[in-house]
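Trainee: Test case, fold it:
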Amino acid sequence: MTLEVRVRPEAEEDIADAATWYEDQLPGLGQDFLDQVLEKLLSIAKQPEMFPVVYKDIRRALLNRFPFAIYYRKETDAIVVLAVIHGSRNPRHWKKRT
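Mentor: Okay, the predicted model is just below:
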């Protein structure tokens, strides 16, 4: 069963900021980033328990091509994406959103 994915506004902003930054570096790279995020969100929706728990009930899925991680929580009827952040960011950044 594939669960609905709900991306919180803060995570949407994370995604938009990163895509803009990549697009500024090289035209088309921002779209590549967005494609990678979408691909990973589809994987999470299909198999949310495939990715490891990193804090309480929060799981982390790493993007394949970009050094970003998607932090999410599996709820009864949906996946809630809390953050999409660069791997070098301080973990406190996304933990505040739990």
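Trainee: So the residue most central in space within the chain: helix, strand or coil?
Mentor: Centroid-nearest residue in the chain: residue 70, 2.5 Å away (criterion: Cα atoms, centre = their mean). Per DSSP: H, G, I helix; E, B strand; the rest coil, the secondary structure class of residue 70 is strand.
Trainee: Beta-bridge partners for it, please?
Mentor: With DSSP bridges applied, residue 70 shows beta-bridge pairing to residue 61, residue 84.
Trainee: how near is it to residue 11?
Mentor: In this view, residue 70 and residue 11 are 8 Å apart by Cβ to Cβ, to the nearest Å. Glycine gets a C-beta too; all of them are placed from N, C-alpha and C.
Trainee: where do the contact lists of those two overlap?
Mentor: Jointly contacting residue 70 and residue 11 under the rule Cβ atoms under 8 Å, 6 or more residues apart in numbering are 81, 83, 84.
Trainee: From what I see, the second one and residue 10 are in contact.
Mentor: Yes. Applying Cβ atoms under 8 Å, one finds residue 83 in contact with residue 10, separated by 6.6 Å.
Trainee: one step back: might you report the residue contacts of the residue nearest to the centre of the chain?
Mentor: 11, 37, 40, 41, 44, 60, 61, 62, 63, 81, 83, 84.
Trainee: next one: residue 50
Mentor: By Cβ under 8 Å, 6+ apart, the contact set of residue 50 is 43, 44.
Trainee: could you measure it against residue 66, distance?
Mentor: In terms of Cβ to Cβ, residue 50 sits 19 Å off from residue 66.
Trainee: just residue 1 next, same as before
Mentor: Residue 1 is 28 Å from residue 66, where distance means Cβ to Cβ.
Trainee: ok, residue 54 - how many residues close by?
Mentor: Residues contacting residue 54 under the criterion other Cβ atoms under 10 Å number 14.
Trainee: Surely it and residue 72 touch.
Mentor: No. In this structure residue 54 lies outside contact range of residue 72 using Cβ under 8 Å: 10.5 Å.
Trainee: all helices in the chain, in order from the N-terminus.
Mentor: For the chain, the helices defined by DSSP state H occupy 9-25, 29-46, 92-95.
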